[in-house]
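> fold the following and give me the result.
(chains A and B)
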2 protein chains.
Amino acid sequence: MNAPLKIGIAGLGTVGAAVFQLLEDNAGLLGARLQRPVTVTAVSARDKRKNRGIDVSKVKWHDDPVALADDADVDVVVELMGGAQGAAFDLVKKSLAAGKHVVTANKALLAARSGEILDLLKNSKGTLSYEAAAAGGIPVIKTLREGLAANNINAVYGILNGTCNFILSQMRSTGRDFPDVLKEAQDKGYAEADPAFDIDGIDAAHKLSILSGLAFGCAPDPGAVRTQGIREITSEDIAFAGELGYRIKLLGIARRTPRGIEQSVAPCLVPTSIPMAHIDGAENAVCIDGGHAGKILLTGAGAGGNATASAVVADIADIARGCADLPLLGVADPQKLESADINARTGSYFLRLTVLDEPGVIADVSAILRDCNVSLESILQRGHAPNQPVPVILTSHETLEGDMLAAAAQIGKLKSSVEPPHLMRIETFESGYVS
Amino acid sequence: MNAPLKIGIAGLGTVGAAVFQLLEDNAGLLGARLQRPVTVTAVSARDKRKNRGIDVSKVKWHDDPVALADDADVDVVVELMGGAQGAAFDLVKKSLAAGKHVVTANKALLAARSGEILDLLKNSKGTLSYEAAAAGGIPVIKTLREGLAANNINAVYGILNGTCNFILSQMRSTGRDFPDVLKEAQDKGYAEADPAFDIDGIDAAHKLSILSGLAFGCAPDPGAVRTQGIREITSEDIAFAGELGYRIKLLGIARRTPRGIEQSVAPCLVPTSIPMAHIDGAENAVCIDGGHAGKILLTGAGAGGNATASAVVADIADIARGCADLPLLGVADPQKLESADINARTGSYFLRLTVLDEPGVIADVSAILRDCNVSLESILQRGHAPNQPVPVILTSHETLEGDMLAAAAQIGKLKSSVEPPHLMRIETFESGYVS
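Now for the predicted structure:
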């Protein structure tokens, strides 16, 4: 048996406490798998006396997390505090400078500061691993970087935010509206009191930029992700989509095009014939479209203490085996991100209008679509209520996203339009994809 | 840049030629990812002059594959000949004895001879990798052994044979019967002229035993897998299952129970509410039920030259990074398989009878079920044709598999029974699973 690998954990929230407990519960199994014991030697959190359901009395306590970087009894610093600034970054910086290995679940840090981390790694004997930063318990970083190492990746996309997927699944199964289901999600702890980070797609954009950076060998840039959330989705949208054979999912999509890397987070209509449509509840799903491997779909828990702890400990296991020294962004020399204008995307669209039921409205709408080069596939007015607002659902043939956006904006300015049009993509993952 | 890793390929069939081509096509990308060139230096196949669409003129040719083991210009021997006996095993044995690394896609070899391979590895500086031997292009070995290293696995199960899944998907979407669709599969090259190995579940049992061995740290034993194929499935079964909210999939299932490891390959009814039901065509899907990570589902191409080549080259990439030295079966000291009697499984069942439409038949059937402790959930007779054969569909509540088999056997002996009853499990992956 080799010398133990000594772990210091910074942050003992849900994930930190779960990592601590997992390493204790499965110590024997890990020893048998890694041929080396893994032991927590030190921890740091805000309040030493708080009851976390774990016994930290036998490990060293640091009030200052950054002190873990100087602790000679720590080989691996596990950073679970979160945030791109402050103590989390200081700890990563000092730990790498001290030649320690770092494992982090910090999406914001990776998405915002991978350039700085690359520089820190150049001068360090340590490594930085981040399996838990992309899709919780789903080993997607390992799959992209190792399992599919042979592939020139075409696209990586999926359901990257469990809160949004829970809300959309509940809306569909119960027919209830967004505000009502959001409140339920908040009561159940699936959504924060301030839900914007999740429901406006920002969390998904962070994760997508990390996956995209690794898939295409360039520094993550969440600012290059066109991001739209799920606030505007109504129970009507979900019902109409269902009638057309689709479910609505908030998808992060990054794909290689001849124009560069196209990245977006947006609610999309997905055909019920594909597995992605059936990923319900707080689950995540990531599809990697590899050149040779074809499409590999991974699904599982994208959050939660135990699932995220599983990913953190997988990184620790790689360090224990001396196999964590992979290029941070997949290749030795990451390139600058060449971002493609997503207005040049071609595909089909779903557009819900709320217009007054009066003569000539459909003619006005049709004329705008024609002038914007949008070819209609179907148009459906529901109900008949003279001079009252009624929903009208349009679906388009293949069209440019820019043209579709222009048409929606013009339709929104019609006198008969009583609510802003709601535009969503129809994503079949066939048309316009490289493979 | 480090020294090149030199590859020798034994077997230039579909997969061998695809590996050769992939290493050429993505040489630059692999170099950037691995910081080391990967170069094919030697090959061996039966007929040197056969046109395989690849240019082997610049590499060394061996008529005898086993000669690759002695070739000083080969660091890694890629064994793609197949078969548990003969040249494949000789090559693996001599290569390991010579301290070379071995990569293989050989399911039969792994399933039958992992004990011998373990002994060979003990005295070798080389390693043996087999990502391509379980589910083609899906990186399930890496996920089980590394990505989910922290987890005490509860179960591993899924769609492990693309031929069967293609046939079942076609039967469902077209309503055609088994012999007709089998012929189509043979014409399209999805099924062999002698299809028994696929359609009788033997291939799936090999793969399941490999996955099970790794998940539970014991030597694979295909003989311990209760194996049932898809020959008996009719278009009626598929239609009735659909009406009840299920699809029929040939599933390999290995799970940990208090009685030991339970392993089976059998057609099962899967609820349409879960993604597994929507894996169609020649796709494979593997679900790993990890204690902490929860259920991780991986789907993708389970066969095909390019997808399998992707898995082979992933193994080569690990060798290039010096990270292939993992315990063959996941743990340092694999245990003997403790096999659980699958008759002790509890779950729900679907039973199709073909009986004469005459008074008293349902009473006879019901009495047998009662006497075998089987509690009925539903019973459905379709059509009315006095004294003619009609299908009767039964579904049970939770019951013992042994009781259900006994009941089906007795029902089959009734005078009114004109065909053997067809029994299938209803698998929701909830009841009876550890987590």
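> alpha carbons only for contacts and neighbour counts from here, please
OK.
> for the stretch 251-400 of chain A, which residues are neighbours of chain B?
Counting by CA under 8 Å from any CA of the partner chain, the residues of the stretch 251-400 of chain A lying close to chain B are A:273-276, A:278-279, A:292-301, A:306-311, A:313-314, A:317-318, A:321-323, A:327, A:330-333.
> again, only using 6 Å
Residues of the stretch 251-400 of chain A lying close to chain B by CA under 6 Å from any CA of the partner chain are A:275, A:278, A:292-293, A:295-300, A:306-307, A:310, A:313-314, A:323, A:330-332.
> among the residues you listed, which ones are in strands?
A:K295, A:I296, A:L297, A:L298, A:T299, A:G300 (DSSP state E).
> partner residues bridging the last one?
Applying DSSP bridges to A:G300 yields these beta-bridge partners: A:N284.
> let me know the pLDDT of it.
We have a pLDDT of 96 for A:G300.
> how many neighbours does it have?
Neighbour count of A:G300, defined by other CA atoms under 10 Å in any protein chain shown: 26.
> same question for the fourth one.
In terms of burial, A:L298 registers 26 neighbours under the definition other CA under 10 Å.
> next up, the contacts around it.
A:A285, A:V286, B:L297, B:L298 (CA atoms under 6 Å, 6 or more residues apart in numbering or on different chains).
> if I look at it, how far off is B:K295?
10 Å (CA to CA, to the nearest Å).
> report the buried members of the residues of the stretch 251-400 of chain A next to chain B.
A:275, A:278, A:292-293, A:295-300, A:306-307, A:310, A:313-314, A:323, A:330-331 (16 or more other CA atoms under 10 Å in any protein chain shown).
> hang on, the earlier thing: just put the contacts of A:L298 in TSV and tack on distance to B:R113.
Shown next, in TSV, are the contacts of A:L298 (distance: CA to CA, whole Å):
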residue	distance to B:R113
A:A285	36
A:V286	35
B:L297	28
B:L298	27
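> now the helices for the stretch 201-350 of chain A?
For the stretch 201-350 of chain A, applying DSSP state H, counting those that start in this stretch gives helices covering A:202-216, A:235-243, A:305-320.
> closest to A:V355 out of these?
helix A:235-243 (14.3 Å; CA to CA).
> give me the contact list for the closest one.
A:G175, A:D177.
> hey, C-alpha coordinates of that helix in CSV?
Included here for helix A:235-243 are C-alpha records, laid out as CSV according to Å, rounded to 0.1, in the frame of the first residue of the first chain:
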residue,chain,number,x,y,z
SER,A,235,-48.5,26.6,-19.8
GLU,A,236,-49.9,27.4,-23.3
ASP,A,237,-46.5,27.1,-24.9
ILE,A,238,-46.0,23.7,-23.2
ALA,A,239,-49.4,22.5,-24.3
PHE,A,240,-49.0,23.7,-27.9
ALA,A,241,-45.5,22.2,-28.1
GLY,A,242,-47.0,18.9,-26.8
GLU,A,243,-49.6,18.9,-29.5
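> mean confidence for it?
Per-residue scores along helix A:235-243 average to 95.
> if I look at the closest residue to chain B within the stretch 151-300 of chain A, how far off is A:G53?
Here the residue of the stretch 151-300 of chain A nearest chain B is A:A293; by CA to the nearest CA that distance is 4.0 Å. According to CA to CA, A:A293 stands 43 Å off from A:G53.
> check A:A219 too.
Taken as CA to CA, the span from A:A219 to A:G53 is 38 Å.
> so those two - more neighbours on which side?
Using other CA under 10 Å as the criterion, A:A219 and A:G53 rank with A:A219 on top: 24 against 9.
> so the more buried one makes contact with A:G213?
Yes: the criterion here is CA atoms under 6 Å, and A:A219 meets it with A:G213 at 5.2 Å.
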